[in-house]
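Participant: any chance you can model this:
(2 chains)
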Amino acid sequence: AQSVTQLGSHVSVSEGALVLLRCNYSSSVPPYLFWYVQYPNQGLQLLLKYTSAATLVKGINGFEAEFKKSETSFHLTKPSAHMSDAAEYFCAVSEPQKTSYDKVIFGPGTSLSVIP
Amino acid sequence: DAGVTQSPTHLIKTRGQHVTLRCSPISGHKSVSWYQQVLGQGPQFIFQYYEKEERGRGNFPDRFSARQFPNYSSELNVNALLLGDSALYLCASSLHRGPNTGELFFGEGSRLTVL
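Facilitator: Below you'll find the predicted structure:
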């Protein structure tokens, strides 16, 4: 069964420092992978997605993620953190070859704090 | 263009009661999914509806039900509420049933508190 793990429920970085949020997945078929962001009291917003094209995916707000099949990882990075990046980040996976509907499995989330 | 809208935004119920949550998808989107997000956890898939039919269901009891209307809006119903049903209920819309692109557009959710 597909699943997602996110190492570190809370991550703190200084403003201007590198952001690295870790995600590992398990899937029996080539997956689609996603990062979603959730700001306080809001719904989720798609940051970026991997759908079997380029392994390095660029998203909104300067975020990018790299798909590494050998490591079953899809870590999210941003070179320089901004105060506005403070939010909850969810890694997610779907299996387009196995289900005909939009079933997306989310990880437990990582809360990012940015210190001035 | 309006995004996904959900109502009510907050509500409080007591154990054993029933609740109905409503969702309007983005214009042109024919698919609606429901997710439950318990505090401190990631969203859990409950249902997907496409063209008024249930296309997928997560591991939730029969107390949870939903339907989709001809205008593609949707209702989530939960009967016999339990304390553990307290959560943020998220509605997401997408363009079509498949392939399973997983690109979902979420509303801001309905926060249910069960006392």
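Participant: which parts of chain B sit against chain A?
Facilitator: Chain B comes close to chain A at residues B:4, B:31, B:33, B:35, B:40-45, B:48, B:50, B:55-56, B:58, B:90, B:92, B:94, B:97-109, as judged by Cβ under 8 Å from any Cβ of the partner chain. C-beta coordinates here come from the backbone N, C-alpha and C atoms, glycine included.
Participant: select only the buried ones of those residues in PyMOL?
Facilitator: Buried subset of the residues of chain B next to chain A, written as a PyMOL selection, criterion 16 or more other Cβ atoms under 10 Å in any protein chain shown:
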select buried, chain B and resi 4+31+33+35+42+43+44+45+48+50+55+56+58+90+92+94+97+100+101+102+103+104+105+106+107+108+109
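Participant: measure residue A:18 to residue B:41 for me?
Facilitator: As judged by Cβ to Cβ, to the nearest Å, residue A:18 and residue B:41 stand 27 Å apart.
Participant: where does residue B:101 land on pLDDT?
Facilitator: For residue B:101, the pLDDT comes out at 65.
Participant: so where is chain A shaky, pLDDT-wise?
Facilitator: A:97-102 (pLDDT under 70).
Participant: those strands in it, which residues are they?
Facilitator: Taking DSSP state E, the strands of chain A run over residues A:3-5, A:10-14, A:19-21, A:24-26, A:32-38, A:44-50, A:56-58, A:64-68, A:73-78, A:87-94, A:105-106, A:110-115.
Participant: any idea how many residues pack against residue A:81?
Facilitator: 22 (other Cβ atoms under 10 Å in any protein chain shown).
Participant: isn't it right next to residue A:20, touching?
Facilitator: No: contact criterion Cβ atoms under 8 Å: residue A:81 and residue A:20 do not qualify, at 10.2 Å.
Participant: surely residue B:74 and residue B:50 touch.
Facilitator: No: look at residue B:74 against residue B:50 with Cβ under 8 Å: they stay out of range, at 10.5 Å.
Participant: overlap of the contact sets of the two?
Facilitator: Common contact partners of residue B:74 and residue B:50 (Cβ atoms under 8 Å, 6 or more residues apart in numbering or on different chains): B:32, B:68.
Participant: any idea what the residue nearest to the spatial centre of chain A is bridged to?
Facilitator: The residue lying closest to the centre of chain A (Cα atoms, centre = their mean) is residue A:35, at 3.1 Å. Using DSSP bridges, the beta-bridge partners of residue A:35 come out as residue A:48, residue A:91.
Participant: contacting residues around it?
Facilitator: Contacts of residue A:35 (Cβ under 8 Å, 6+ apart): A:21, A:23, A:46-49, A:59, A:63, A:65, A:74, A:76, A:89-92.
Participant: among those, who's most crowded?
Facilitator: residue A:91 (29 neighbours).
Participant: hmm, residue A:34 is touching residue A:91, no?
Facilitator: Yes: judged on Cβ under 8 Å, residue A:34 makes contact with residue A:91 at a distance of 7.2 Å.
Participant: poorly predicted segments of chain B, please.
Facilitator: B:1, B:96-102.
Participant: and residue A:95, how many neighbours does it have?
Facilitator: 19.
Participant: can you pull the contacts of it?
Facilitator: Applying Cβ under 8 Å, 6+ apart, the residues near residue A:95 are A:2, A:27-29, A:31-32, A:103, B:100.
Participant: for the residues you listed, which one is nearest residue B:84?
Facilitator: Comparing the contacts of residue A:95 against residue B:84 with Cβ to Cβ picks out residue A:103 as the nearest, at 22.1 Å.
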